[in-house]
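Trainee: just the structure for this:
(one chain, ligands or ions: 1)
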Amino acid sequence: MTSTLRTLTVPLDVESSPGGLPSFLVRDDVLCWSRREAGLVGYGELTRFNATGPERFLEADIWWRHLILEAEITDHVELPGTGPVAFGSFAFSKTSPHVSRLILPELVVGIRDGRAWATQLTFDDRPLTEAGVLASVERWLTEPEPNGDGSAAEGSDVGLSPEVVSQDGGSGHLSHGSLSEANWMKAVADGVEEIRAGKLEKLVLARDVVATLPDGVNAAEVLRQLAARYRECWTYGVDGLVGATPEMLIQVEGRTAQARVLAGTLDRRDAEGVDDSPMAYAERVLAGSEKQRHEHEIAIDSLTRQLAPFSEAMNSHSEPFILELPNVWHLASDVKAELADIEGHVPTCLALINALHPTAAVCGTPTLVAGALIRKLEHLDRGPYAGPVGWLDAAGNGEWGIALRGAVIEDANTVRLYAGCGIVEGSQPEAELAETWAKFRPMLEALGIKR
Ligand SMILES: C=C(O[C@H]1C=CC=C(C(=O)O)[C@@H]1O)C(=O)O
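Mentor: Here you go, the predicted structure:
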C-alpha cells in the first residue's frame, strides 16, 4: 500500500450498454452524475475529504490538487471525466454542521459523445491492467450490495413510462418537516414584508417534507426513474443525496465555463384546461410576467457579476428562454465564459464555486442579508439542499449543479425532500406553497408517493 494514487482508464464497448449510463445505476450506493444517456457512475470508496464552514470549497480544492499532484495516471481515452474523478456534495450554508464531502471511488464508468470508458483507481501497488479494469466493472455490476439484494439490474427498465411511476404509489406517506404549511406561508409573508421595507430585493425560502416508506427506499431505482423522466436535468446521487437538478452552477471544460441560471417557475398543471396551447400559456404567464422576469434578472445579474473577475469573455442570452420540464416551466438563461488565467492558472471548479455560491436563485439579493433572513425564517438546516453537487477530474474539468429537486435518504425508510421559491415584492404565500409542491413532484413520483 502506498499513498500514491494510481489510475488506469480504458475504453468500454458502448454497444454492450444500449441503455446508456442509466443502465449502470444498479446499486443503491452508486455515485451518479447523469444527463440523457451520458455521465459518470462511481462505485466503491477509496477515500474521502470532509469539511464544514466557510472555507469548505477551498479546503476541498487543496485536498484534491494535492492528491492528484503525485498521482500516476494512465489514460487511454482522454476526455473530460477520464482519469481520476471525485464526486462531491457541499452544504448550502457556511454555518451548517452538515459535512461537505469529496469522494474518490474505486471505479468510475463514463459515457460521453458515444464513447464509453472505465477508470480503476487504487492506492495499492498491484499492477493495473485492462483485463483487471474490465473484471472490476463486471464485479461491481453483478456483486450484491452489503445490505441489498443486488437485484436492481435485473429486469430494470430505464425507459419507465410515467404511468408505471405513478402506479407504484400507495404505501409511502408524507409529513411536514421543520415548519407546517401555515407557518411556512407566514415565513413567506414575513419575507415579503422585509422586501417591501427595502431591506433586500429577493429572498429564497425553502421547506422540507419527510417521506416514510415502509417498504424501504430503493435509491438505484429512484436514480433510474429521475434519469428516465428528467432528461433535461442532471441526475445526481452522492452519499444519500439524490435528485435531478435543472440548474447548472458551473460546468468547466478546458478554459470554457458554462452555467444555466433559472428563476421564475410555472407549474405545468396550471395549464390544464386553459384555451392556449401549453407553450403559448407559458409564454404569456411566465415570460410575460413582470414579477417572474424581475426574479430572473436578479439571478442572472448575480451570476454574471460573480463570474466576471474569472473571465476573459462572457456571453449570455439577451432574453431568457422557457425551459420545459415534465413538472414545471422555468425562465432560463445559459451563460458561457472563457476563463482567464489567474496567477498563471485557469481557476479550478472549486475556486469558481467558492465565488459563485450561493447564487440569487437559491439565496437572494443582497446575499448576506438574504442569508441571515433565511436562517431566521426557515427554521431549517438546508444540509446539502441548494448546495453544489457534481464531480471534478484531474485536468480541471467538472460539472457542478445546484442540488435542487432532490432529497436526502436519511435511513432505510426515511427520505427528506426539499424545495424552495424565490420571493420578491409581489409574491403570494399560497402560490409559493403550491410552487414547492410542483418542485417536490419529481422526487415524490420517483419514490412512488402520490399526493
Ligand atoms: C429553490 C428552488 O428553485 C430555484 C430554481 C429555479 C427556480 C426558482 C424559482 O422560480 O423560485 C428557484 O429560484 C428549488 O427548486 O428548490
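Trainee: quick check, pLDDT for residue 275.
Mentor: On the pLDDT scale, residue 275 is placed at 82.
Trainee: give the contact list for the residue nearest the centre of the chain.
Mentor: What sits nearest the mean C-alpha location of the chain, by C-alpha atoms, centre = their mean, is residue 403, with 3.7 Å. For residue 403, the contact set (C-beta atoms under 8 Å, 6 or more residues apart in numbering) comprises 89, 236, 241, 243, 245, 384-389. Backbone N, C-alpha and C define where each C-beta goes, glycine included.
Trainee: repeat the analysis, applying 10 Å as the threshold.
Mentor: Contacts for residue 403 (C-beta atoms under 10 Å, 6 or more residues apart in numbering) come out as 89-92, 236, 238, 241-243, 245, 247, 249, 362, 382-390, 418.
Trainee: in which helix or strand does the closest residue to it other than its chain neighbours reside?
Mentor: In space, residue 403 comes closest to residue 389 once its chain neighbours are excluded; the distance is 4.2 Å by C-beta to C-beta, 6 or more residues apart in numbering. Assigned by DSSP states H and E, residue 389 falls within strand 388-393.
Trainee: right, and residue 334 touches residue 314 too?
Mentor: No - with contact defined as C-beta atoms under 10 Å, residue 334 and residue 314 do not form a contacting pair (11.4 Å).
Trainee: can you check which residues contact both of those two?
Mentor: Here residue 334 and residue 314 share the contacting residues residue 259, scored by C-beta under 10 Å, 6+ apart.
Trainee: the helices in this protein, which residues?
Mentor: Counting by DSSP state H, one finds helices in the chain at the ranges 56-69, 130-142, 162-167, 181-196, 219-229, 278-282, 290-307, 349-356, 367-378, 429-447.
Trainee: nearest to the ligand, of the ones you listed?
Mentor: helix 429-447 (4.3 Å; C-beta to the nearest ligand atom).
Trainee: buried stuff in the closest one?
Mentor: Neighbour-count burial for helix 429-447 flags 429, 432-433, 435-447 (criterion: 16 or more other C-beta atoms under 10 Å).
Trainee: check contacts around residue 188.
Mentor: 203, 205, 207, 377, 421, 423, 427-433, 436.
Trainee: and residue 40, by the same measure?
Mentor: Residue 40 touches 21, 24, 31-34, 80-82, 85, 87, 105, 108-112, 117, 119, 390-391, 393, 399, counting by C-beta under 10 Å, 6+ apart.
Trainee: excluding chain neighbours, what is closest to residue 255?
Mentor: Closest to residue 255 by C-beta to C-beta, 6+ apart is residue 339, at 4.9 Å.
Trainee: so where is the stretch 101-250 of the chain shaky, pLDDT-wise?
Mentor: 147-170 (pLDDT under 70).
Trainee: swap in 50 and give it another go.
Mentor: Residues of the stretch 101-250 of the chain that meet the criterion pLDDT under 50 lie in 149-169.
Trainee: residue 364 against residue 375, yeah?
Mentor: No - between residue 364 and residue 375 there is no contact under C-beta under 10 Å: 11.9 Å.
Trainee: so which bits of this structure are right by the ligand?
Mentor: Residues of the chain found near the ligand (C-beta under 6 Å from any ligand atom) are 204, 206, 247, 262-265, 330, 361-362, 404-405, 419-422, 439.
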